[in-house]
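*Asks:* Please work out how this folds:
(2 chains)
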Amino acid sequence: MKHLIKDTELVAYLEGTLSKEEVRQLKNKLKDNGELSLLYHLQLSYDEGMKDYAKELIGEDDFYIGLNSAPSINLNLGKEFRMAADKKFPEKE
Amino acid sequence: MKLIINNLEEVSLNYLKKLQTVEADLEIAKRVVSNDNQSVNYFLGEFSIPFLDYIGGEIMHLEGCCVNGILCFHSSVSSEYYEFIGAKFIKNQPTWHKVSLYKGIKNKGGKEARLYTYINTITVRHFINVKNKLDKNKEKSLDDMLETMSVSILKDYDGFDEILLEEDDSKYKELDVAWENLPKKDQLILKYLVIEDRNPLEIFDEMIQYIETTIPPEQYTRKQKQDAMSLMKRRAKHHLRMLIVEQRKQNKQ
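*Replies:* Alright, predicted model coming up:
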């Protein structure tokens, strides 16, 4: 039998207002339903929309620049480090 | 001096956008439902494009188009989105019933919920249903069909809601390597908020040294401090995921 998952539960997860136990229960229900991907797609799409607000409150994300320029970041996998992003980003002017 | 405005009906949309509060969200929703042109344009554009880009590319797997050197996917799902979120239509005018259901609070515990979180949630659910129906003849489980590498990593590590390091299991080797390559500020925020489960307000004063914005530290409101720490945590999780994606890509080659 499928569990009923309310929008409000998912909204609460995204807003970080669920307790650890409530998060576990929600994940278990989603796993039983075979819908765990839903939770993570929600998380990833939510993060996309938070980028501007994040830039305003905590500044520019310089991690991409760091990956390309900092020689200390090396995964020691025998290959040159590349950008993880699979989308194209505009070049800095 | 803190400016308090009691009547949000009078203020501009730009001001409402900057407020980042549930009260402002309620006013924006109200204006959209009343078909105020400026608010509808904002709602269908700037507000919705980030998650529509994600949905078009990562859930629906549609063709994107290049705009100023950036691959965009929102236009491939915008019509379907308009029909979904604007329904129902009376004399070709949207009634925005789903937007009108936004009340600013969650049922359980009465905690606040932002408009973006609510709209993002119902829209992603809708498009996952659409995608599942389109793919129903394929012989994979519904969950597998929607799994991208990023989703797979989040599943493997429980969404990074709990982070366990120093495990002998080889599965955790890639997490250890990614962790070692995380910037210090990312390690710190995850240590405090995920591993030690501390209060975001408690660590703000220590973490502010890693924040570079035009807002002076003493001007952050309590809500902004909480949001800033939460956003730092989200960004750190994103970096951790990117480092694992990179390892998996390299291992495949």
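
*Asks:* And for residue A:44, the neighbour number?
*Replies:* Using other Cβ atoms under 10 Å in any protein chain shown, residue A:44 has 20 neighbouring residues. From N, CA and C alone the C-beta is placed, and that goes for glycine too.

*Asks:* Which of the helices or strands spans it?
*Replies:* helix A:36-49 (DSSP states H and E).

*Asks:* cool, and residue B:75?
*Replies:* helix B:74-86.

*Asks:* and the helix holding residue A:44, average pLDDT?
*Replies:* Mean pLDDT, computed over helix A:36-49, is 95.

*Asks:* Quick check: residues of the stretch 1-150 of chain B near chain A?
*Replies:* Applying Cβ under 8 Å from any Cβ of the partner chain, one finds that the stretch 1-150 of chain B approaches chain A through B:20, B:47, B:50-51, B:53-55, B:57-59, B:66, B:68-71, B:106-109, B:111-114, B:116-118, B:120-122, B:124-125, B:128, B:141-143, B:146-147, B:150.

*Asks:* Among those residues, name the buried ones.
*Replies:* B:20, B:47, B:50-51, B:53-55, B:57-59, B:106, B:113-114, B:116-118, B:120-122, B:124-125, B:128, B:142-143, B:146-147, B:150 (16 or more other Cβ atoms under 10 Å in any protein chain shown).

*Asks:* pLDDT wise, what is residue B:8 at?
*Replies:* Per-residue confidence at residue B:8 stands at 88 (pLDDT).

*Asks:* next one: the one 3 residues further on
*Replies:* Reading off the per-residue confidence, residue B:11 sits at a pLDDT of 92.

*Asks:* what's the distance between it and residue A:57?
*Replies:* 21 Å (Cβ to Cβ, to the nearest Å).

*Asks:* burial count for residue B:187?
*Replies:* Residue B:187, neighbours per other Cβ under 10 Å, totals 17.

*Asks:* Now do the strand or helix carrying it: which elements does it pack against?
*Replies:* Using DSSP H and E, the element containing residue B:187 is helix B:184-190. The contact analysis (3 or more Cβ pairs under 8 Å, 6 or more residues apart in numbering or on different chains; DSSP states H and E) places helix B:184-190 against helix B:200-207, helix B:222-252.

*Asks:* and stretch B:105-125, how far from the chain's centre?
*Replies:* 12 Å (Cα atoms, centre = their mean, to the nearest Å).

*Asks:* Now the terminal residues of that stretch, how far apart.
*Replies:* Terminal residues of stretch B:105-125 lie 19 Å apart, using Cα to Cα, to the nearest Å.

*Asks:* Need the mean per-residue confidence for it.
*Replies:* For stretch B:105-125, mean pLDDT is 86.

*Asks:* Point to the helix or strand of the chain where mean pLDDT is at its lowest.
*Replies:* In the absence of a named chain, this looks at chain A. Taking mean pLDDT, DSSP states H and E as the measure, the helix or strand of chain A with the lowest value is helix A:63-69, at a mean of 53.

*Asks:* wrong one, I was asking about chain B
*Replies:* Among the helices and strands of chain B, helix B:142-145 carries the lowest confidence by mean pLDDT, DSSP H and E, at a mean of 64.

*Asks:* Next, the buried residues of the helix holding residue B:187.
*Replies:* Applying 16+ other Cβ under 10 Å to helix B:184-190 flags B:185-190 as buried.

*Asks:* got the contact list for it?
*Replies:* Helix B:184-190 is contacted by residues B:160, B:163, B:179, B:182, B:203, B:206-207, B:210, B:229, B:232-233, B:235-237, B:239-240 when judged by Cβ atoms under 8 Å, 6 or more residues apart in numbering or on different chains.

*Asks:* If anything else comes up later, I'll come back, but that's it for now.
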